[in-house]
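Enquirer: Sequence and computational prediction follow.
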Amino acid sequence: QVQLVESGGGLVQPGSSLRLSCAASGSARDWHAIGWFRQAPGKEREGVSCISLSDGATYYEDSVKGRFTISRDSAKNTAYLQMSSLKPEDTAVYYCAAGVGCTVVIKTILYDYWGQGTQVTVSS
């Protein structure tokens, strides 16, 4: 069993930065990647970024490339999503998830454990 808790969301102006955190606890036997997803009202949940826990490989959804950076601190069992140059279209509930793989296309089906989500609102 894995427990994930996100934090760091909030209301910011366009062009601002935020760092989301995902604190993980529980058995790590069954998961090999951490992913960040987001879901805006009326839209499907989409993959934003992921990181492989075996080799550190990272992938990003096209709209966030160059603006978002995923990282992890193994000692703290925490993953991060540094978000810069935020846009109103980045507004969503952001979820972290633990799963079996990090791939170019970040698929929800690969992730079994989910946090409760944290709201990010980008508005002037």
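Expert: Right, received. Where do you want to start?
Enquirer: Next one: the most centrally placed residue in the chain from residue 119, what distance?
Expert: Geometric centre of the chain, nearest residue: residue 36, 2.0 Å, by C-alpha atoms, centre = their mean. Applying C-beta to C-beta, to the nearest Å, the value for residue 36 to residue 119 is 14 Å. Using the backbone N, CA and C atoms, a C-beta is placed for each residue, glycine as well.
Enquirer: Now do the same for the residue nearest to the centre of the chain: helix, strand or coil?
Expert: Assigned state for residue 36: strand (three-state reduction, DSSP: H, G, I helix; E, B strand; the rest coil).
Enquirer: I figured it hits residue 94, correct?
Expert: Yes - counting by C-beta atoms under 8 Å, residue 36 touches residue 94, with 6.3 Å between them.
Enquirer: which residues do those two both contact?
Expert: By the contact definition C-beta atoms under 8 Å, 6 or more residues apart in numbering, residue 36 and residue 94 are jointly contacted by 20, 48, 81.
Enquirer: which residue ranges form the strands in this protein?
Expert: In the chain, the segments counted as strands under DSSP state E are 2-7, 10-12, 18-26, 33-39, 46-52, 58-60, 68-73, 78-83, 92-99, 111-114, 118-122.
Enquirer: quick one: contacts of stretch 98-106?
Expert: By C-beta under 8 Å, 6+ apart, the list of residues contacting stretch 98-106 from outside reads 2, 4, 24, 30-35, 37, 46-52, 57-59, 61, 110-113.
Enquirer: Weed out the non-buried ones from those.
Expert: 2, 4, 24, 31-35, 37, 47-52, 58-59, 61, 110-111, 113 (16 or more other C-beta atoms under 10 Å).
Enquirer: Show the contacting residues for residue 121.
Expert: With contact set as C-beta under 8 Å, 6+ apart, residue 121 has these partners: 9-12, 91.
Enquirer: if we can go back for a sec, for the residue nearest to the centre of the chain, name its beta-bridge partners.
Expert: residue 49, residue 96 (DSSP bridges).
Enquirer: quick one: it and residue 124, what's the gap?
Expert: Residue 36 is 24 Å from residue 124, by C-beta to C-beta.
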